[in-house]
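Chemist: Sequence and computational prediction follow.
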Amino acid sequence: MNLLHLKYAVVIAETNSMTRAADKLYTAQPNLSRAIRELEGTLGITIFKRTSKGIYPTPEGEEFLGYARKILNQVDEIEEMYKGSGKRSRKFSISVPRASYIACAFTDFVKMMDVSESAEYFYKETNALRAVNNVTGEDYRLGIIRYQESFDRNFKDMLSEKSLHGEMVFEFRYRLLMSAAHPLAQKQIICLSDLKPYVEIAHADPYIPSLSLSAARKNEIADDTDKIIFVFERASQMDILSESSNTFMWVSPVPGRLLEKYNLVERECDDFSRVYKDVLIYREGYRLTETDQMFIDKLMEVKRGLNK
């Protein structure tokens with residue numbers, strides 16, 4: 001057994017395909033097949049099962065892959081610690097929902113960087129599925145996923161299946177975000193029927209385990225909504241909301257400094273009762289670094305400052 005064979009197994013598990021794994025690893029498919037056979041022979045277990053839909057780990061294989069990922073992560077950390085000048089490079093990576101309070105926390109976190117140190121920070125805004133895949137695929141150490149409370153079991157089951165640890169970050173009701181010049185901005189309490197004449201902005205890629213994209217969208221968007229703009233970027237949504245006074249969006253609580261910057265207001269909707277959760281995720285067995293904890297502390301600080 002060697003490190004290269006461990007890496008082969010992990011990439012096959014990520015892609016569920018010998019062909020795609022071979023392409024990603026820049027090697028021939030027969031080499032992969034032979035390496036996995038040797039690995040299975042050495043360990044005395046079957047790591048993967050072949051199905052018509054692809055290659056998937058067996059229960060024993062899942063256990064082995066968990067150890068393999070830990071070993072490869074430790075090797076990476078050792079290389080980072082001792083390569084080059086011998087100074088350890090500060091690493092941080094997180095995949096998150098498109099949420100203003102999280103972005104503000106990351107901004108505050110970046111301000112704490114010591115410019116005399118070597119550092120690489122990765123911050124990616126995306127949906128829950130891609131955040132999970134980014135963390136399980138080893139590209140990102142941390143993730144935050146957002147989902148409706150009514151789908152709590154779906155997501156908890158998925159995290160368990162993928163050997164991910166979850167910690168609650170924030171539980172909240174969505175609010176309406178709109179320009180201070182919006183016709184409804186002067187109303188303190190807004191009803192769903194008040195929104196009918198206006199244009200909703202929504203993220204284009206919601207995700208709920210076991211539901212199709214179309215079903216997930218239907219769950220997130222009111223049946224009577226007939227004017228909608230789908231976006232992927234949080235920056236785009238802020239610009240549209242700021243410049244177009246006939247648009248609105250359902251969001252988690254927004255820090256006051258961003259409301260002021262973009263001339264926006266938050267309003268509650270009296271008959272919108274859905275509760276959402278933001279959950280921090282990372283691989284089981286992963287130990288939070290000092291840098292990870294610094295970000296989490298900033299996240300909690302910004303959350304405490306929200307007008308909840």
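Modeler: Okay, I see it. Keep in mind the model is a prediction, meaning the values are calculated, not measured. Numbers count the residues shown, from 1 in each chain.

Chemist: Residue 42 - how many residues pack around it?
Modeler: When neighbours are defined as other Cβ atoms under 10 Å, residue 42 has 11 of them. Any C-beta I mention is one placed from the backbone N, CA and C, and that applies to glycine too.

Chemist: any idea which element it lies in?
Modeler: helix 29-43 (DSSP states H and E).

Chemist: Pull out the buried positions in that helix.
Modeler: 32, 35-36, 39-40 (16 or more other Cβ atoms under 10 Å).

Chemist: Let me have those in CSV, extended by pLDDT and distance to residue 144.
Modeler: Putting those into CSV (pLDDT from 0 to 100; distance: Cβ to Cβ, whole Å) gives the following:
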residue, pLDDT, distance to residue 144
32, 88, 33
35, 89, 35
36, 91, 34
39, 90, 34
40, 90, 36
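
Chemist: Which parts of this protein are strands?
Modeler: Using DSSP state E, the strands of the chain run over 48-51, 54-57, 90-96, 119-125, 142-148, 164-173, 175-179, 189-190, 199-203, 228-231, 247-251, 264-269, 275-283.

Chemist: which one of the ones you listed lies closest to residue 257?
Modeler: strand 264-269 (11.2 Å; Cβ to Cβ).

Chemist: rewinding a little: now render the strands of the chain as CSV, adding distance to residue 303, mean neighbour count and mean pLDDT.
Modeler: Formatted as CSV, the strands of the chain follow (distance: least, Cβ to Cβ, whole Å; neighbours: other Cβ atoms under 10 Å; pLDDT from 0 to 100):
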stretch, distance to residue 303, mean neighbour count, mean pLDDT
strand 48-51, 42, 12, 89
strand 54-57, 36, 17, 89
strand 90-96, 13, 22, 92
strand 119-125, 17, 15, 92
strand 142-148, 12, 23, 95
strand 164-173, 6, 16, 94
strand 175-179, 14, 23, 95
strand 189-190, 24, 15, 86
strand 199-203, 21, 19, 92
strand 228-231, 24, 14, 91
strand 247-251, 14, 22, 95
strand 264-269, 15, 18, 93
strand 275-283, 9, 20, 95
